[in-house]
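In: Take a look and give me a structure for this.
(2 chains)
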Amino acid sequence: MRHALTLRIGPATFRIGSAWRAPLAQIAHLYAAYPRVEGAIADFTVRLQPTNMLRRWVRPSIFITGDHGLADAAPMSLAHGLLAAEMGMNLQMALGWRRHLLLHASSVEKDGRALVMTGESGSGKSTLAALLGERGWRLMGDEFALLDLECGAILPFPRLVSLKNGAIDVVADAVGEARMGPLLRATAKGDIRHMIPRDGAVSRMDEGATPRLLLFPRFGHRAEERAVGQGEVFMRLTQASTNYVAAGEAGFRALTRFVADVPARAVDFSSGDEAIAMVERLWDERA
Amino acid sequence: MSAALLVEVLRHPAGAARLNAVGWNGLLAAAKAERLTGALAFRLEGQPVPGAAGPVLADARADAAREAQQALWEADRAAAALHGSGVRPVLLKGAAYVAARLAAGQGRFIGDLDILVPRDALDDVEARLMAAGWEWAKPDPYDDAYYRRWMHELPPMIHAERDRMIDVHHTILPLTARPTPDAAALIADAVDIGGGLSVLSPEDRVVHAVAHLLADGDLQGGLRNLWDIHCLLADVDPARLEARAVRHGLLAHVRQARRLAAGLYGAGSRLTPWDRIIVARFLARDGWGRETRKALVFAFYLRSHWLRMPPLMLARHLWTKWRKGHRPA
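Out: Residues are numbered from 1 along each chain as shown, chains lettered A, B, ... in the order given. I've put the predicted structure just below:
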């Protein structure tokens, strides 16, 4: 393809090709601190291509695909090209990654132990992970937590943190403009802005951690906390995993062990500060 | 062209040792796009491969093993649903290759479960599958009526709990196609493999794969289907294959498939101009896994409809589908 770059995030290497320069220039800028692996053999190919020949030039429109793709993926405006590249990488992971059990969850680490947070889009898991990452925790990832099928560790996948709508200003205030990407207005999920993880998150991205606490955060409710039974945890994590079926028996064993070993809590909160206080308290109670 | 590289490595795996990273990326992208990663991984077993390519190939082998297990389970469930009906379903394509432990099954991507049953047993088979949890996947009445009147299979069904599709065939080409294979002979000569299941005879396996590749469809996934044929040809006697092809009215197609398989995956062969056009269609894939030669690909798409039905019927069908909002991909 006309423009290309190769990027490694945690254990996965992506070769991204694009019909346009801009999306990859933004990716190169925001991922500048990540390992340079140009010319490497990639695990996945991502393609940002015009939805048809005309749409390369006239009202450019991106079709996101690659080794794995969805025939009915919605076309995206070139103005959202950075988001398209990120979605292209997520798509490959979600549909093609086999070496770990993939949990749709954020994760942060402290003292070699991992806190895993899972929930729907809008639950606050990304924002919470981003904020904790600025307060003494190491950000491991805001989108996917990789559960090792053999040893049960959580491995990082620290791509750019994707922040939406109200979360954008909260995090931008905490981390400063230099680590924020461009504001992408009016995407399918509202306004989106990406945040570059701290140096440690990137330099230690091959370093796993033992999972120690699982949270189901829910933003927008009165502060409350409740225990979650193992059966419910198991079912919710199978739903939060894109490759649970593909992982077969190994996936079942890894998830069973995770659910048996890691205590789980559902936490409702109405602000970032409230959430952080709850998380720190729950973490210390488990110490 | 990356598809050409994929063919080259499938034919001669030791050649992979000479590839640089650009070559490997193109090879893997083409193999994924053609759904040949599993077959490639098996072909490359024992060959030295670069460190970064090893895990990708290992993933493909694991995927293939899981798909084989799933396919065998679906076949077993179908056999259980039809137990006592007097119908012994004949497994077709991927599930058959895996169940019969054929070379063509090694690393093969397996999508739906395809079975062949006698046409006069269709109503009973359909009722028994529905009772066992399969349901219609295409609710559109036009599609349903179209399948039942003109196709070689029932409308696809999907299992409500396992989310897996089954295609119930009563012959191997649409009823509207010009050749008319002898479906009764296919079933009469099928080979029992135990578990209430059978597979086509070695010669009929080739004839079916050839019919699917060259007398039906638009050659989408053609490299994979031709790889099947290349592997299946190793198990047949050429004279018996010819006789069988005559019986099914597919001799010219079988001969062409043998030339193409030998030309691409085997020791080479003398290709006709028409063979070369098909090869050009097969190899329309670049180093990013993109389809190239758009005009040629579209021409084969048009041809697939031409093969399936007479012109007036085709016009009516396309008009109906267009009104329903269908557009060629």
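
In: Near chain B, which residues of chain A? Just list them.
Out: A:1, A:13, A:15, A:17, A:39-43, A:45, A:47, A:49, A:66-68, A:71, A:96, A:98-99, A:246, A:248 (C-beta under 8 Å from any C-beta of the partner chain). C-betas here are computed from N, CA, C, even on glycine.

In: how about 6 Å then?
Out: Within chain A, the positions near chain B by C-beta under 6 Å from any C-beta of the partner chain are A:1, A:15, A:17, A:39, A:41-43, A:45, A:47, A:67, A:98, A:248.

In: what would those residues look like in a markdown table with secondary structure and neighbour count?
Out: What follows is the residues of chain A next to chain B, written out as a markdown table (DSSP: H, G, I helix; E, B strand; the rest coil; neighbours: other C-beta atoms under 10 Å in any protein chain shown):
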| residue | secondary structure | neighbour count |
| --- | --- | --- |
| A:Met1 | coil | 18 |
| A:Arg15 | strand | 27 |
| A:Gly17 | strand | 23 |
| A:Gly39 | coil | 12 |
| A:Ile41 | coil | 25 |
| A:Ala42 | coil | 26 |
| A:Asp43 | coil | 24 |
| A:Thr45 | strand | 28 |
| A:Arg47 | strand | 23 |
| A:Asp67 | coil | 25 |
| A:Arg98 | coil | 22 |
| A:Gly248 | helix | 18 |
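
In: and the next element down the chain from the lengthiest helix in chain A?
Out: Scanning chain A for the helix with the most residues, using DSSP state H, yields helix A:81-96. Counting by DSSP states H and E, the next helix or strand C-terminal to helix A:81-96 is strand A:100-110.

In: Which elements pack onto that next one?
Out: strand A:113-118, helix A:125-133, strand A:138-141, strand A:144-148 (3 or more C-beta pairs under 6 Å, 6 or more residues apart in numbering or on different chains; DSSP states H and E).

In: mean confidence score for the longest helix of chain A?
Out: Averaged over helix A:81-96, pLDDT sits at 97.

In: count of neighbours near B:Pro139?
Out: 9 (other C-beta atoms under 10 Å in any protein chain shown).

In: and it, helix, strand or coil?
Out: Using DSSP: H, G, I helix; E, B strand; the rest coil, the three-state assignment for B:Pro139 comes out as coil.

In: and what of A:Asn243?
Out: coil.

In: Enumerate the beta-bridge partners assigned to the nearest residue to it once chain neighbours are set aside.
Out: With sequence-adjacent residues excluded and distances taken as C-beta to C-beta, 6 or more residues apart in numbering or on different chains, A:Asn243 is closest to A:Leu102, at 4.8 Å. Beta-bridge partners of A:Leu102, counted by DSSP bridges, are A:Leu146.

In: ditto for the one 5 residues further on
Out: With DSSP bridges as the criterion, A:Ser107 is bridged to A:Val116, A:Gly141.

In: Any idea how many residues pack against it?
Out: With other C-beta under 10 Å as criterion, A:Ser107 counts 32.

In: For it, give its distance to chain B.
Out: Separation of A:Ser107 from chain B (C-beta to the nearest C-beta, to the nearest Å): 22 Å.

In: And the pLDDT at the residue of the stretch 101-250 of chain B found nearest chain A?
Out: Nearest residue of the stretch 101-250 of chain B to chain A (C-beta to the nearest C-beta) works out as B:Asp163 at 9.1 Å. Predicted confidence (pLDDT) for B:Asp163: 92.

In: before we move on, the earlier item: next, the angle strand A:100-110 makes with the longest helix of chain A.
Out: 120 degrees (axes from the mean of the first three to the mean of the last three C-alpha atoms, to 10 degrees).

In: how distant is helix A:81-96 from the center of its chain?
Out: Relative to the chain's own centre, helix A:81-96 is displaced by 10 Å; criterion: C-alpha atoms, centre = their mean, to the nearest Å.

In: Just list what that helix packs against, helices and strands only.
Out: helix A:22-30, strand A:44-50, strand A:61-66.

In: What pairs with the shortest one, parallel or antiparallel?
Out: Yep, that's strand A:61-66 we're talking about. Partners of strand A:61-66 in the sheet, by DSSP bridges, are strand A:44-50 (antiparallel), strand A:76-77 (antiparallel).
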